[in-house]
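Asker: got a predicted structure here, sequence first:
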Amino acid sequence: MSDAESPDADVRGDDYDHDHRGPGYSTPQAAIEESDPERLAYVMGLYVGTDVDAPDFLAVVDVDPDSESYGEVVDRVEMPDRGDELHHFGWNACSSSCHMDGLERRHLIVPGQRSSRIHVIDAEDRRDPELTEVVEPEEVFDYDLSAPHTVHCIPDGEIMISMLGDADGELPGGFLLLNDDFEIEGRWDPPGEIDMNYDFWYQPRQNVMVSTEWAAPETYYPGFDLEDVEAGKYGRRLHFWDWTEKEVEQTIDLGEEGMIPLEVRFLHSPVSTHGFVGAALSSNVFHFYEDSADGGRYRAEKVIDVEDREHEDWDMPVPGLVTDLLVSMDDRYLFFSNWLHGDVRMYDVSDPANPRLADRIWAGGHFGPSHPIDGKREVVGGPQMLQLSLDGERLYWTTSLFSSWDEQFYPGEGEKGSVMLKADVDPRRGTMELDGDFLVDFGEMPAGPARAHEIRWPDGDCTSDVWQ
Amino acid sequence: MTDAHRVVLAWDEGRVEALSVPADETVLEAAGRAGVALPVGCRTGACGTCTGRVLAGSVEHRRPPRALKGRHLAAGYALLCIAEPRADCRIRVGGVLSDLVENPWK
């Protein structure tokens, strides 16, 4: 029996009190103070699209500098089928359920972006997690949804997944709900409320959720075709939802400067109505916030603009491609990756409307060093999925974006495999330094070189924990 | 129609596998039965991971091949997860998806 099944009926009342009996931490600051430095990382490993005859896997990476296997993949949980494209994943419970007695952060929900298969991994033994349940694609298609992306647990023990397409891989997408037995409960949203979907983040104290737009699966799955951008098939809008009513209250068109808004984060403080979103194709970061002078409507303003750069081997200037961003647990720093250029940046966002560049690291990409660490392997690809330690002192990243898009922009990554790198961060001084002792080589997996995508810690992280 | 066709799968590196594929079976299903691993993704014709290029012969898609544009179909690309043979075929396989779109800026 899963621990997620056990909350007593009388605890389901959901009236917020500050009793902290469930999973996670009572506040973002408590997460910083009470958490131990991460010793393991869970990372998505992929073979989809390559000739390697093996399924995608969850990698368990040793990130304990005192361990003999520091920087090595110490366990792999293989999926039952090939072709999933493991991508993003999440926990069955996080700090948003910290009032839920009996609920544990224990199960990882791991969707296949291409297969629409949803896996449940029991991580009770953090070093030796086990696949326990599988929701087959046909069960997902029955709800006329496909292409699962972001996984967030929501405060009553349920799990919500953004779905990017309908059963045929066309629009519209929507949201799928799993119950605490990991069975499909149904759709969260009324069908057709949105057309395109991608990432989402909810801020329950403010009764708001924000969702972003990539494209229809049939559009982005095969690769990035500029013709599809010209045909208006890629997204550029943010949707602000009434969290309890499950309706879109407001849609903001970010325009040409906001093409393909991907990862979206509210600040962690539950009282905040500020957040950031990276417009990947336009290579800009937008700040959004509730404007109390405008009746509580949201506004979004471009606050960081990454300039395209000329490259001698390219016909056109190279956009940065802001493909991932995150906010430190203390809400003071924003980190983002410039996947095509090859840098990861750290901004002071203590004034969120005016981010200040604090530091950056170049590692791989089309402009950074191909061997950022002397004596270690070549990096093919640029900084991509980011994860920050809860204390804000260690930033990690992997290099793969999406198998078919990697093939276009970093064609060698599939053959050589991804890497995972790490920087030590000094949040007091606003500096970062690449850790020359840390490089996880996904090129050296038993079945063959693998790509690596999203990263999570066993006990909460900066891209999934939400506070009610 | 249950006539089987001879389908030859050809990899760029020179490997070749011959399959007997009934007309009501997809190339991917037949390859799976024969223990030949081909790239695969959504299995519904949306994602293109299983793209092959029909060099000779012909196939018919069981459902709309949404991952392929008109120019791809005209050039003989097919989605092997939903493609049934209609004649003996020779099909280029293995990482063919990357043919479909190039880096638009390079």
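Answerer: Nice, thanks for sending it over. Residues are numbered from 1 along each chain as shown, chains lettered A, B, ... in the order given.

Asker: and B:His72, how many residues sit next to it?
Answerer: Residues near B:His72, counting by other CB atoms under 10 Å in any protein chain shown, number 20. Using the backbone N, CA and C atoms, a C-beta is placed for each residue, glycine as well.

Asker: gap between the nearest residue to it once chain neighbours are set aside and A:Tyr221?
Answerer: Leaving aside its chain neighbours, B:His72 sits nearest to B:Leu100 (5.7 Å; criterion: CB to CB, 6 or more residues apart in numbering or on different chains). B:Leu100 sits at a distance of 10 Å from A:Tyr221 (criterion: CB to CB, to the nearest Å).

Asker: what touches both of these two?
Answerer: Jointly contacting B:Leu100 and A:Tyr221 under the rule CB atoms under 8 Å, 6 or more residues apart in numbering or on different chains are B:48, B:67.

Asker: isn't the residue nearest to B:His72 up against A:Pro222?
Answerer: Yes. B:Leu100 is within contact range of A:Pro222, at 5.3 Å (criterion: CB atoms under 8 Å).

Asker: related to what we said a few turns ago, between B:Leu100 and A:Tyr221, who's got more neighbours?
Answerer: A:Tyr221 (28 against 21).

Asker: and the residue in chain A positioned nearest to chain B, how many residues sit next to it?
Answerer: Residue nearest to chain B within chain A (CB to the nearest CB): A:Gly169, separated by 2.7 Å. A:Gly169: 25 surrounding residues under other CB under 10 Å.

Asker: could you look up the SS state of it?
Answerer: Of the three states, A:Gly169 takes coil under DSSP: H, G, I helix; E, B strand; the rest coil.

Asker: close to chain A: what parts of chain B are there?
Answerer: Listed as neighbours of chain A in chain B under the rule CB under 8 Å from any CB of the partner chain: B:11, B:37, B:39-49, B:51, B:64, B:66-69, B:94-95, B:97-98, B:100-106.

Asker: tell me which of those fall in strands.
Answerer: Among these, DSSP state E puts B:11, B:51 in strands.

Asker: among the residues of chain B next to chain A, name the ones in helices.
Answerer: Using DSSP state H, the subset of the residues of chain B next to chain A located in helices is empty.

Asker: among the residues of chain B next to chain A, which ones are buried?
Answerer: Neighbour counting by 16 or more other CB atoms under 10 Å in any protein chain shown classes B:39-49, B:51, B:64, B:66-69, B:94-95, B:97-98, B:100-101, B:103, B:105 among the residues of chain B next to chain A as buried.

Asker: against B:Ile91, how distant is the most centrally placed residue in chain B?
Answerer: In chain B, the residue lying closest to the centroid (CA atoms, centre = their mean) is B:Leu80, at 3.2 Å. Separation of B:Leu80 from B:Ile91 (CB to CB): 7 Å.

Asker: who touches both of the two?
Answerer: Counting by CB under 8 Å, 6+ apart, the residues touching both B:Leu80 and B:Ile91 are B:27, B:52.

Asker: could you give me the buried positions within stretch A:219-237?
Answerer: Neighbour-count burial for stretch A:219-237, counted by 16+ other CB under 10 Å, picks out A:219-225, A:228-229, A:233-237.

Asker: I figured A:Gln203 hits A:Gln468, correct?
Answerer: No. Contact criterion CB under 8 Å: A:Gln203 and A:Gln468 do not qualify, at 9.4 Å.

Asker: mind pulling up the pLDDT for the residue nearest to the centre of chain B?
Answerer: Confidence at B:Leu80, expressed as pLDDT, is 98.

Asker: the one 3 residues further on now?
Answerer: Reported pLDDT at B:Ala83 in the predicted model: 98.

Asker: and it, how many residues sit next to it?
Answerer: Using other CB under 10 Å, B:Ala83 has 26 other residues around it.

Asker: all set now, cheers.
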